[in-house]
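Undergrad: sequence-free structure coming up:
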């Protein structure tokens, strides 16, 4: 029937449309499936790559632990952090544990800085030298910068760098000590020996008198030989230096030295004040200790800079390196300290009516240690410490001053810069070898201690390789040795 045909035709059209829609939906589903498959493949690839990176990180960390010796706790925290990320867990706990370790590490560094002030010292040196912080760990860069800045102000061009040859040359003089125990000892120290030699002899690259070499011998000069310096300053290696114009290096050293003298006076004044203040006044105590700490850092920074100039001059990679200057410094230093030994022994032998007796126990570069025990026994003073202080100031220091004026007349120079002052006064001292000794110090550079302090150099008691309980035990027995007889020491041991 006509109506049935129309109905069937309409139904067929509907079925055709549905089929088209179904094919479209199927195509869309296939496209979506393909995209999801691609995404899944990429995700798996990324996951595999992440796993490889995590494993590589673990290997790298393990190697770092072996190389740098990371603490076990830190290593464990890092491994836990990696495992937490790998397992898909939130890593906050492991991160916080690692952060906690880092906080403790920073606190330790802060405590070390508060006690030792090394970071402040480095920053002070960098500021004074006009260099980056890392440059303070060497000597050539900082001194090249200091000299360059000075020459730039004078509109002088620095010389080009040249490859130079260096050979072995003598160092400082260290006398074989009189090993054993000595009573009533005073030490004398030359103020900044090497910098002072540079100033006195006018040692600088542009002041070298080319071709002028004096034929001299240290031992002969010590025995009284003299010579005509012809208006030059003559280093103990025979090298002559011009004296009409002050050299660049002596100028720089002189300026720094004057600053250090002023700062050190303030520091010593504060140290004296610290010995007598009321220790219960915490605010005043903190202020004085802070003044001492700041002054100590400043003067130490300048001292390191001054002494490092010799190190730079002895380094062939230094732009201004000249071995003639480096050798002149060390050999003149040997002559200078041995000249003091001769003067002290001559004076003490004269007043004590002894013959050729050696009263100088030890010498180390710019310091010498003298026993006044025979003098104490002869005079028998009520207060040996005050007596040794007065003898050093009123008798021995003038003897040294007169001796160095005489040496200056022989060797020549810009001006006599050799100043030797009494440093420590000890009622007892022990030497075991070169650079290994203990002093029971009552007074150091005019600072009188309320209780004597041990000055220990080179002995196991202060070496970090000695276990702390052993170091403490050694220090305690040293105190007993300094104030007791052998029977008491044996009992204490």
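TA: Here it is on my side, so go on. As the structure is a prediction and not an experimental result, all values here were calculated from the model.

Undergrad: what about the helices in the stretch 301-450 of the chain?
TA: 323-351, 373-379, 384-391, 397-411 (DSSP state H, counting those that start in this stretch).

Undergrad: got the buried residues for the shortest one?
TA: This points to helix 373-379. 373, 375, 376 (16 or more other C-beta atoms under 10 Å). For the C-beta atoms, the positions are set from N, CA and C on the backbone; glycine is no exception.

Undergrad: and the helices of the stretch 301-450 of the chain: which comes nearest residue 264?
TA: Checking the helices of the stretch 301-450 of the chain against residue 264 by C-beta to C-beta gives helix 397-411 as the closest, at 17.5 Å.

Undergrad: state the distance from residue 129 to residue 155.
TA: Note on residue 129: its distance to residue 155, by C-beta to C-beta, to the nearest Å, is 21 Å.

Undergrad: repeat that for residue 434.
TA: From residue 434 across to residue 155, the span is 48 Å (C-beta to C-beta).

Undergrad: with neighbour numbers in mind, choose between those two.
TA: Taking other C-beta atoms under 10 Å, residue 434 and residue 155 do not tie; residue 434 has more neighbours (15 against 6).

Undergrad: tell me the pLDDT of residue 70.
TA: Residue 70 is assigned a pLDDT of 57 by the prediction.

Undergrad: could you do residue 169 as well?
TA: Model confidence at residue 169, given as pLDDT, is 89.

Undergrad: would residue 228 count as being in a strand?
TA: No: membership of residue 228 in a strand is not supported by DSSP: H, G, I helix; E, B strand; the rest coil, which gives coil.

Undergrad: report how many residues lie close to it.
TA: Residue 228: 10 neighbours (other C-beta under 10 Å).

Undergrad: residue 409 too?
TA: Using other C-beta under 10 Å, residue 409 has 12 other residues around it.

Undergrad: what's near enough to touch it?
TA: Neighbour list for residue 409: empty [criterion: C-beta atoms under 8 Å, 6 or more residues apart in numbering].

Undergrad: give me the low-pLDDT residue ranges for this protein?
TA: Low-confidence segments of the chain (pLDDT under 70): 1-2, 54, 57-78, 80-81, 84-95, 97-98.

Undergrad: helices or strands up against the biggest strand by length in it?
TA: Secondary structure assigned by DSSP state E gives strand 420-433 as the longest strand of the chain. Applying 3 or more C-beta pairs under 8 Å, 6 or more residues apart in numbering; DSSP states H and E, we find strand 420-433 packed against strand 180-190, strand 360-364, helix 384-391, helix 397-411, strand 436-444, strand 447-457, helix 468-483.

Undergrad: run through the strands of the stretch 201-350 of the chain in chain order.
TA: Under the criterion DSSP state E, counting those that start in this stretch, the stretch 201-350 of the chain contains strands at 208-213, 233-234, 239-241.

Undergrad: for these, which one sits closest to residue 415?
TA: strand 233-234 (10.2 Å).

Undergrad: and that closest one, what does it pack onto?
TA: When contacts are defined as 3+ C-beta pairs under 8 Å, 6+ apart, strand 233-234 packs onto strand 239-241.

Undergrad: identify the neighbouring strands of the strand it packs on in the sheet and state each direction.
TA: strand 208-213 (antiparallel), strand 233-234 (antiparallel) (DSSP bridges).

Undergrad: mean neighbour count and distance to residue 283 for those strands - can I get that in a markdown table?
TA: Shown next, in a markdown table, are those (neighbours: other C-beta atoms under 10 Å; distance: least, C-beta to C-beta, whole Å):
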| stretch | mean neighbour count | distance to residue 283 |
| --- | --- | --- |
| strand 208-213 | 13 | 55 |
| strand 233-234 | 24 | 52 |
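
Undergrad: can you add distance to residue 397 and give these back as CSV?
TA: As requested, the strands paired with strand 239-241 are exported to CSV (distance: least, C-beta to C-beta, whole Å):
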stretch, distance to residue 397
strand 208-213, 33
strand 233-234, 24
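
Undergrad: and those: which comes nearest residue 316?
TA: strand 208-213 (16.5 Å).

Undergrad: where's that closest one relative to the chain centroid, distance-wise?
TA: Mean-position distance between strand 208-213 and its chain equals 35 Å (C-alpha atoms, centre = their mean, to the nearest Å).

Undergrad: stretch 339-358 too?
TA: 37 Å.

Undergrad: now do the buried residues in it.
TA: Under 16+ other C-beta under 10 Å, the buried positions of stretch 339-358 are 339, 340, 341, 343, 344, 345, 347, 348.

Undergrad: contacts for it?
TA: By C-beta under 8 Å, 6+ apart, the residues outside stretch 339-358 that reach it are 175, 178, 188, 190, 222, 359-360, 363, 368, 370, 372, 374-375, 378, 395-396, 399-400, 402-404, 407, 420.

Undergrad: of the residues you listed, buried ones?
TA: Buried members of these, counted by 16+ other C-beta under 10 Å: 175, 188, 190, 359-360, 363, 368, 370, 372, 375, 396, 399-400, 403-404, 407, 420.

Undergrad: need the strands of the stretch 201-350 of the chain in TSV with distance to residue 453, can you?
TA: Shown next, in TSV, are these (distance: least, C-beta to C-beta, whole Å):
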stretch	distance to residue 453
strand 208-213	45
strand 233-234	40
strand 239-241	41
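
Undergrad: of all these, which one comes closest to residue 319?
TA: Across those, residue 319 has its closest neighbour in strand 208-213 (15.4 Å, C-beta to C-beta).

Undergrad: can you give me the angle that closest one makes with helix 323-351?
TA: For strand 208-213 against helix 323-351, the angle by axes from the mean of the first three to the mean of the last three C-alpha atoms, to 10 degrees is 70 degrees.
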